[in-house]
Structures are given as C-alpha cells and as structure tokens.
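*Asks:* Prediction below, plus the sequence it came from.
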Amino acid sequence: MTLGQTLGVALLGLSGSVVTVEVDIADGIPMYSLLGLPDAALNESRDRVRAALVNCGESWPNKKVTVSLSPAWLPKSGSSFDLSIALAILIAQGSIAQEPFRQTLVLGELALAGKIRAVRGVLPSLIAAYKSGITRAIVPAANLSEASLMTQMEILGFENLHDVLRWARTGERDEAQTLDLAWGTENELLDFADVAGQPAARLAAEVAASGGHHLLLVGPPGAGKTMIAERIPTILPKLEIAQALEVTAIHSIAGTFATRSPISLVAPIISPHHTTTRIAMVGGGTHVIRPGACSLAHS
C-alpha cells in the first residue's frame, strides 16, 4: 500500500474548509474510487487526470486507486481538485516526493494535455487556507493576479502540469512576471461627469450617493435612468481594502472578472433584467451556492 497526500479547499458560499486529498494505490483489480461526497464535475476528474498524466509523460497506475477527500461529510464540488488529485497519485506512486507539497494548497483544473486551467473561488479558497495556517499555494497562472492579493502567502503560479512536476523534482520554475497589484479606482465604468442634462435626476443621485440613501428612478424609456444609475459608482467613496477583498472574493466565486478588475476599489454595479428570477436575484443553487445579483452588488 502506498499513500500520497495534497490539500484543496471546499467552498460553501464565501467560507471554505481545507480538504485533505489522500490517494491509496494497492494491488487488486484495476479501478478508481473517489470518496468524500463529490459532485458530477468532480467525479469526472478521473478521466481528466488520467489523460493529463499520460500526455505529460507520466504513468497511470494499473492498480486499485482510491482517492479520499477528507472530511468525508463535507460536500465537494467543481474541478479545482484535479491538480491536487493528480499530484497525490504521483506521490503515491513514488514519482515525486511528498515534501514539496506539505502545508501547500493546490488548486487547478487539468486539461487533457496537462494545461492548468483557471478555476473560480481562488481568493476565498486562499483566505480559508490561510486561516487554517497554510502559507503557500499552487494556483493556475491565469488566476495569479487574483491570488497575489493574498500577500501573506507564497503564491506559485503554473501554466501546466509539466511545470509543477519540474518544480517538485528540481525546485526550478520559470520566473513569474512581476505584477503591478496596486489597488486603484480605474474601471471600465462610464463617468458620472459625462451625464448632460437631467439636473434634477443628477442632483438626486448625488444626494443619494453622498448620504447612502436608496434611489428610485422613474420615467419613460430613453429618459436617462440607466445612464445615470450606471455612473453612480464613480461618485461613491472608494472601497476600503477589506471591503474590496470581500467584493473580489464574491466575484471570484461568480466568475465575473471579465467585467470587473480584481484590484478595483470602485463599488460594483449590477443591472439585472426586469425578467430575472428570484434565485438569480438572491443567489442559491442545488449543490453549489452561487452569488445572486444582490450579493454581486455588495458594498
């Protein structure tokens, strides 16, 4: 019997729990068992991990492979455990040493060729790991800018599985590009100064923004209601760093960084359609809890 062990994180909303990924390779009929309440996406990790290992020149154990995600009672979801499972299998085989991965969080989805793809919820996962005493993490290179906001941790970003294995065996890795992570107010939002006309509506928006009041805009189509509402965040006070981290964590889970920078100090603006459902507004889900429009507009 051989054992390998890595660490991942299971998220429930914004909070997370560190998950220990254990792999046992034993003699017997070749099979793969995944234990610990995985969802459908996580159950499919077997084929992704096997293809990635083989295409990176590693061997797949032709034995009985048991993967346990502990604690067993906690539901796990998503593909972010792919990389940690692959590394735990290689540790159990003796292909790589256990030592480089002690007290190291591992996140990443594996493509069939071994590329490490971006995953959601990296920042809240790192926060949960840091609270548990973990100070180093391996993340996809695509998530490096978001992960680097956790300055208290050592963050290692990798493009593919082959690079992770080279680092584990030799300690060598490609020098990461230095990221400019200064918090700022630059954003793709339109500026409130661009609003022309509608002096009464502009004054009402300014009063609401300065006093933290609610605002109801009523009028015919084309009067400028949406135009004014979309620009209100640009006259709101800048977010505190703690607030900005919380907002970034929420948008990380939702996967909405295509429309918002992870290091923005501008308050978020969400424009739900008038036909949106109650679940889309408040959030929820059957197996995975996703933020709704109200949560995405937090702060």
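*Replies:* Everything's here; your move. Numbers count the residues shown, from 1 in each chain.

*Asks:* low-scoring pLDDT stretches of this structure, where are they?
*Replies:* 1-2, 13, 175-189, 256-261, 263, 285-289, 299 (pLDDT under 70).

*Asks:* Tell me the spacing between the spatially most central residue of it and G255.
*Replies:* A centroid search over the chain (Cα atoms, centre = their mean) returns G121, at 2.2 Å, as the residue closest to the centre. For G121, the distance to G255 (Cβ to Cβ, to the nearest Å) stands at 9 Å. Yep, even glycine has a C-beta here, placed from its N, CA and C like the rest.

*Asks:* I figured the residue nearest to the centre of the chain hits E109, correct?
*Replies:* No - in this structure, G121 is not within contact of E109 by Cβ atoms under 8 Å, at 11.8 Å.

*Asks:* if I look at those two, which residues touch both of them?
*Replies:* S80 (Cβ atoms under 8 Å, 6 or more residues apart in numbering).

*Asks:* and the residue nearest to T104 when sequence neighbours are not counted, what are its phi and psi?
*Replies:* Once flanking residues are discounted, T104 sits nearest to R136: 4.7 Å by Cβ to Cβ, 6 or more residues apart in numbering. For R136, the backbone dihedrals (degrees, to the nearest 10) come out as phi -140, psi 140.

*Asks:* Any idea what R136 is bridged to?
*Replies:* On the basis of DSSP bridges, R136 is bridged to T104, E154.

*Asks:* need the contact list for it.
*Replies:* R136 is in contact with 103-105, 153-156, counting by Cβ under 8 Å, 6+ apart.

*Asks:* Also A113?
*Replies:* Counting by Cβ under 8 Å, 6+ apart, A113 has contacts 51-52, 55, 160.

*Asks:* which of these has the most neighbours?
*Replies:* A52 (26 neighbours; other Cβ atoms under 10 Å).

*Asks:* Tell me the secondary structure of that residue, please.
*Replies:* helix (DSSP: H, G, I helix; E, B strand; the rest coil).

*Asks:* Not including adjacent chain positions, what is the nearest residue to it?
*Replies:* L110 (4.2 Å).

*Asks:* phi, psi of the one you found?
*Replies:* The phi/psi pair for L110 (degrees, to the nearest 10) is phi -100, psi 130.

*Asks:* distance of the residue nearest to T104 from M227?
*Replies:* R136 is 47 Å from M227, by Cβ to Cβ.

*Asks:* and what of L42?
*Replies:* 44 Å.

*Asks:* Could you do L35 as well?
*Replies:* 54 Å.

*Asks:* Then A92?
*Replies:* 59 Å.

*Asks:* Among those two, which residue is more densely surrounded?
*Replies:* Ranked by neighbour count (other Cβ under 10 Å), A92 and M227 place A92 first, with 25 against 18.

*Asks:* ok, that one touching L3?
*Replies:* Yes - counting by Cβ under 8 Å, A92 touches L3, with 5.7 Å between them.

*Asks:* Spatially, what comes nearest to L112 if we skip its sequence neighbours?
*Replies:* A51 (4.1 Å).

*Asks:* Same question for H213.
*Replies:* That would be V207: by Cβ to Cβ, 6+ apart, it lies 6.8 Å from H213.
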